[in-house]
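K.L.:
Okay, here's the prediction I keep looking at, along with the sequence it came from:
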Amino acid sequence: MTKPGRTVIALLLDRSSSLKPVRDDVRTGITDLLAAHRDQDGELLVSVVRTGRKFTAPKPAADVRVPRLHGGGTAAVRDALGGLAADLGATLAAMPEEERPARILVLTVRGTADEGSATWGPDELRDLVGTQERDYAWEFVTVTIGHHAGLAPWGAGHRSIGAAPTSEGVRAGLAAASAYLARARQTGPWEPVEGISEAERVAAYPPELHASEAQTEVIPVVTAEALAKADAEQAAETARRRWWNLLRPATASS
């Protein structure tokens, strides 16, 4: 039996250079999110993890300050999310059952790139996320910030949102995610939660930014099946090129 009214919000923040222009807006939006949730009924524990940094155990929300997102390098978001979910799961498993939170909410704030992930493949991450959602009622929410992010196929679509890389877009996207998390905290485990609305999506990524939609490739979401498909296509292309390179000498000598 978990502890009613206790919630953990785990935040994964992308600190790669792709988000450099809006880092301050992300930090402000996350600070506003935590302030709003501190005022909500129920006990709140928070963990803030930045890509490329170690997991930190959840602690009372009043003791949490949002760190600066200085840094750079690759955006290994898939590895970071897999590590966070695994470490958080192990931390909760070590707690007495009656002390475990009734609600576990994971919010990823990321750019459009996922480069350098080597530990967690798309299939493994999808299986981990699916297990935590199905067996333990975790809620995973993603805010993807970048040009054309509003065009991405957000899986089922109801828990994730694309935001334009502007102050207004970032803050609107984070406000929508915060509102979703607030609704999730007010529902019981495995109960349906009202998804992110079309109006919230428009505020985060205005329609006029979709002008080049026909020329835009959709951006796979870190937890979506599109990632597995993309990796399979890349592997097939690599195999085709290897076959062609092996074939070329024989062709040239004939």
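P.N.:
Alright, I've got the coordinates. Computed from a prediction, not measured in an experiment: that's the story for all the values here. Numbering: from 1, shown residues only.

K.L.:
list the buried ones in the one helix or strand Arg23 maps to?
P.N.:
In the assignment (DSSP states H and E), Arg23 maps to helix 23-38. By neighbour count on 16 or more other CB atoms under 10 Å, the buried set for helix 23-38 is Arg23, Asp25, Val26, Arg27, Thr28, Gly29, Ile30, Leu33, Leu34, His37. The C-beta positions use only the backbone N, C-alpha and C, and glycine is treated the same way.

K.L.:
Check stretch 168-188 too.
P.N.:
Buried residues in stretch 168-188, counted by 16+ other CB under 10 Å: 169-181, 184-185.

K.L.:
Need the max-distance pair from those residues.
P.N.:
Gly169 and Arg185 (24.9 Å; CB to CB).

K.L.:
Sketch out the low-pLDDT regions of the stretch 51-200 of the chain for me.
P.N.:
72-74, 150-157 (pLDDT under 70).

K.L.:
That one: helices as residue ranges?
P.N.:
77-93, 122-136, 167-185, 198-204 (DSSP state H, counting those that start in this stretch).

K.L.:
Can you show me the CA trace of the first one as CSV?
P.N.:
When you say that, I think you mean helix 77-93. Extracted C-alpha coordinates of helix 77-93, given in CSV (Å, rounded to 0.1, in the frame of the first residue of the first chain):
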residue,chain,number,x,y,z
VAL,A,77,18.6,12.1,-23.8
ARG,A,78,17.7,8.4,-24.2
ASP,A,79,20.5,7.3,-21.9
ALA,A,80,19.7,10.0,-19.4
LEU,A,81,16.0,9.1,-19.3
GLY,A,82,16.7,5.4,-19.0
GLY,A,83,19.2,6.0,-16.2
LEU,A,84,16.8,8.3,-14.3
ALA,A,85,13.9,5.8,-14.5
ALA,A,86,16.1,2.9,-13.4
ASP,A,87,17.7,4.8,-10.5
LEU,A,88,14.4,6.3,-9.4
GLY,A,89,12.8,2.8,-9.5
ALA,A,90,15.6,1.4,-7.4
THR,A,91,15.3,4.2,-4.9
LEU,A,92,11.6,3.7,-4.5
ALA,A,93,11.9,-0.1,-4.3
